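Asker: model the structure of this input:
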Amino acid sequence: MWLAELSIAAFAWLLLGSTPTRAATIVVDTLVDTADAPFNADGFCGAGTVADLPGADGRISLREAIIAANNSTAPNTIVFADSLRGGTIHIAFDDLDADHAPDMLPVLCGGGTIINGDVDQDGISDITLDGSALTGQATGLLLASSNNEVRSLIIQDVPFAGIGVLHVAAQSSLPRISGNRVAGNTIRGSMYGIFVIAGSNAPMSAGSIDGTVIDDNVVDSTSQYDAVFVSTAPVQGSAISHTAITNNHLSGAQRHGIYVLASYATDGATTSISDTNIDNNEVFQNGIQGISASSYAGRAHTISGLTIDANDIYENGSVGVGLAAGVCAATDCVLEATVSGNTVRDNGQQDRGPGMIFLGGSNYDCPAASSSLKENNRLTVSADRNMLTGNAGGHIVVIGGYVGASGNSAAVTLAQNNVGSGLIGIAVLGGMGSVNDQTAPANANSVRAALSGNIVNMALGGILFAGGSSGPASDNRLDLAVENNSACGSTTSDLSCVGGFPGLIGFAANRGTGNSVNGLIRGNEATTILAANGVPGNSCNAELIDNRACGAPTPTPTAMMERCIGDCDASGDVTIDELIVMVNIALDTLPLGRCIAGDGNHDGTVTIDEIIAAANRAAGSC
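Answerer: Coordinates of the predicted model:
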């Protein structure tokens with residue numbers, strides 16, 4: 001692994017200390033990549049100080065400037081002489097190590113270093129770093145300390161990545177890195193565009209990275225993997241927090257535009273990624289997914305506070321936004337996210353993927369070595385005010401367990417989304433055991449879904465709820481609170497509830513039993529409404545109330561529409577027994593369908609605040 005190249009010697013300067021110096025502005029005045037005496041470029045940080053500038057040739061190279069900044073305890077700013085505007089630095093210097101291959105630039109080790117490639121401050125990058133002479137897993141600029149900024153550079157043809165933020169090795173005296181910024185750069189032709197990796201597996205060492213900002217960058221062309229990659233190493237306790245990915249233009253990656261991944265290897269356990277904000281990016285024409293987040297294999301990873309807001313996500317090969325609590329042998333993993341105000345269009349043209357897919361657990365397309373049943377992965381997603389159109393495989397798909405995933409759960413709120421033409425508007429499925437040419441049982445998964453105010457126009461299938469979907473899927477359960485949605489103009493059924501999916505529009509029928517759909521479908525508008533058990537041995541038990549045909553006037557609500565919180569049986573009061581039912585729903589020992597009225601805010605669950613509100617009602621009357 002490329003991380004193993006970073007050795008103890010690379011951090012000798014950290015262990016021995018450095019001489020205090022004053023802040024300086026260092027002006028690079030040559031495009032030649034060199035390190036002349038007294039600078040020593042051996043290792044990843046190098047030796048030499050600001051006082052040693054310029055080198056023996058009377059010039060200051062970028063390599064020498066970084067080495068000098070690394071050995072300063074004060075912040076330093078590296079800029080470029082006006083005469084270099086429009087120039088290219090070919091990274092080709094070979095230090096005194098045993099090999100004869102060019103070496104990547106020194107790691108930013110000292111902290112507080114700014115590298116600014118905008119010579120005339122007009123907002124345009126004026127300096128290009130070319131890494132085509134480098135080999136192996138070299139990175140253009142590597143940040144292994146805090147409070148650095150890399151701004152307004154063009155970085156091209158570096159083998160591994162353009163810019164990276166990471167823990168270098170266990171010998172680092174900086175287990176916590178914070179406050180780095182990567183802004184206004186253009187990166188092309190690398191395996192990864194920009195990456196953030198917390199912790200090191202060479203050797204194994206936990207670490208945390210906090211407060212990284214990735215903004216206003218352009219990553220395009222042939223990234224072999226991802227334009228932006230944020231991941232923990234498979235080392236217990238590694239953590240990433242407060243990452244902002246904003247206003248970037250990300251395209252042409254062969255895998256994903258943005259990939260947030262808890263643990264990049266199969267043997268990781270208990271890592272976390274929290275408070276990641278992905279907003280106002282243009283993410284387009286990437287090979288698989290536009291934005292993806294999941295925990296890969298391992299155990300008890302957590303992704304929390306993920307916000308995906310106001311992005312334009314289009315023409316990605318498979319999926320616009322894909323979120324999965326656990327994939328490929330993951331257990332006890334958690335993903336919590338908010339997806340709001342995005343435009344998601346024309347994705348999935350390569351393999352009929354949807355605009356958005358939210359999965360409790362999945363074993364689809366996993367390596368054979370990682371294939372096993374997942375248990376107890378938990379997904380919580382709120383998706384609201386998104387605009388979706390033209391996505392080849394449907395628009396919003398929610399699945400508790402997907403192709404070989406069992407015992408997982410999803411709690412999803414979908415509100416005020418606007419869905420245009422396409423295959424399926426919204427599909428909420430307990431378990432799906434077969435898709436394309438892959439088949440494996442998806443059993444005993446559960447989904448709690450609250451849908452309100454969504455508009456589905458002219459989809460081939462409008463809104464579909466199925467306890468068990470295609471292939472071998474048994475004993476899966478949906479609990480629904482579906483109110484005030486509109487699904488009109490479908491060529492099949494606008495709003496369907498089936499226990500076992502009977503097969504439709506190219507998707508196979510369910511081959512399981514014991515799947516069920518429960519809860520309440522109320523006050524919706526649809527041309528046709530279907531509620532059926534579907535494949536024998538399954539059931540749709542959802543209660544249908546006050547739904548109406550498209551274009552019909554809104555009916556006067558029934559008494560049930562006027563229930564107060566906790567009035568499970570619409571009797572006009574709240575009893576002790578009903579409070580006990582609410583407590584059991586909150587503890588997940590009873591389904592929401594036992595007391596839809598206990599879910600006062602229609603988020604698909606019962607909270608302690610709702611139990612208290614119901615208890616106050618019990619003291620009086622509704």
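
Asker: give me every residue that touches Ser318.
Answerer: Shown in contact with Ser318 (Cβ atoms under 8 Å, 6 or more residues apart in numbering): Gly287, Ile288, Gln289, Asn347, Gly348, Gln350, Asp351, Gly353. For glycine as for every other residue, the C-beta is placed from the backbone atoms N, C-alpha and C.

Asker: quick check: closest non-adjacent residue to it.
Answerer: Gly353 (3.8 Å; Cβ to Cβ, 6 or more residues apart in numbering).

Asker: which one in the contacts of Ser318 is the model shakiest on?
Answerer: Lowest pLDDT among those: Asp351, with 76.

Asker: three-state assignment of it?
Answerer: coil (DSSP: H, G, I helix; E, B strand; the rest coil).

Asker: ok, it to Gly207 distance?
Answerer: As judged by Cβ to Cβ, to the nearest Å, Asp351 and Gly207 stand 37 Å apart.

Asker: which of those two has more neighbours?
Answerer: Using other Cβ atoms under 10 Å as the criterion, Asp351 and Gly207 rank with Gly207 on top: 24 against 13.

Asker: quick one: the more buried one from Gly393, how far?
Answerer: As for Gly207, its distance to Gly393 is 39 Å (criterion: Cβ to Cβ).

Asker: swap in Ile545?
Answerer: With the distance defined as Cβ to Cβ, Ile545 ends up 32 Å from Gly393.

Asker: the more surrounded of the two?
Answerer: In terms of neighbours (other Cβ under 10 Å), Gly393 is the more surrounded of Ile545 and Gly393; the figures are 22 against 17.

Asker: just give me the neighbour total for Asp437.
Answerer: Residues within reach of Asp437, counting by other Cβ under 10 Å, total 5.

Asker: ok, now Asn311?
Answerer: Asn311 is flanked by 29 other residues according to other Cβ under 10 Å.

Asker: quick one: distance of stretch 383-394 to the chain centre.
Answerer: Relative to its chain's centre, stretch 383-394 lies at 17 Å (Cα atoms, centre = their mean, to the nearest Å).

Asker: now what about that stretch, what contacts it?
Answerer: Residues from elsewhere that reach stretch 383-394 (Cβ under 8 Å, 6+ apart): 320, 338-349, 351-356, 358, 395-396, 412-425, 427, 459, 461.

Asker: count the neighbours of Val27 for me.
Answerer: Val27: 16 neighbours (other Cβ under 10 Å).

Asker: specify the beta-bridge partners of it.
Answerer: Note on Val27: beta-bridge partners by DSSP bridges are Val79.

Asker: and it, how far from Ser125?
Answerer: Relative to Ser125, Val27 is positioned 17 Å away (Cβ to Cβ).

Asker: try Cys333
Answerer: Distance from Cys333 to Ser125, by Cβ to Cβ: 39 Å.

Asker: and those two? Which one has more around it.
Answerer: The neighbour comparison of Cys333 against Ser125 (other Cβ under 10 Å) goes to Cys333, with 31 against 19.

Asker: can I assume the more buried one is in contact with Ser304?
Answerer: No. At 11.1 Å, Cys333 does not count as touching Ser304 under the criterion of Cβ atoms under 8 Å.

Asker: where along this structure do the helices fall?
Answerer: With helices called from DSSP state H, the chain shows them at 12-16, 62-70, 576-586, 608-618.

Asker: need these in a markdown table with distance to Gly467, mean neighbour count and mean pLDDT, can you?
Answerer: Below are the helices of the chain laid out as a markdown table (distance: least, Cβ to Cβ, whole Å; neighbours: other Cβ atoms under 10 Å; pLDDT from 0 to 100):
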| stretch | distance to Gly467 | mean neighbour count | mean pLDDT |
| --- | --- | --- | --- |
| helix 12-16 | 57 | 14 | 33 |
| helix 62-70 | 59 | 28 | 96 |
| helix 576-586 | 18 | 18 | 85 |
| helix 608-618 | 25 | 17 | 85 |
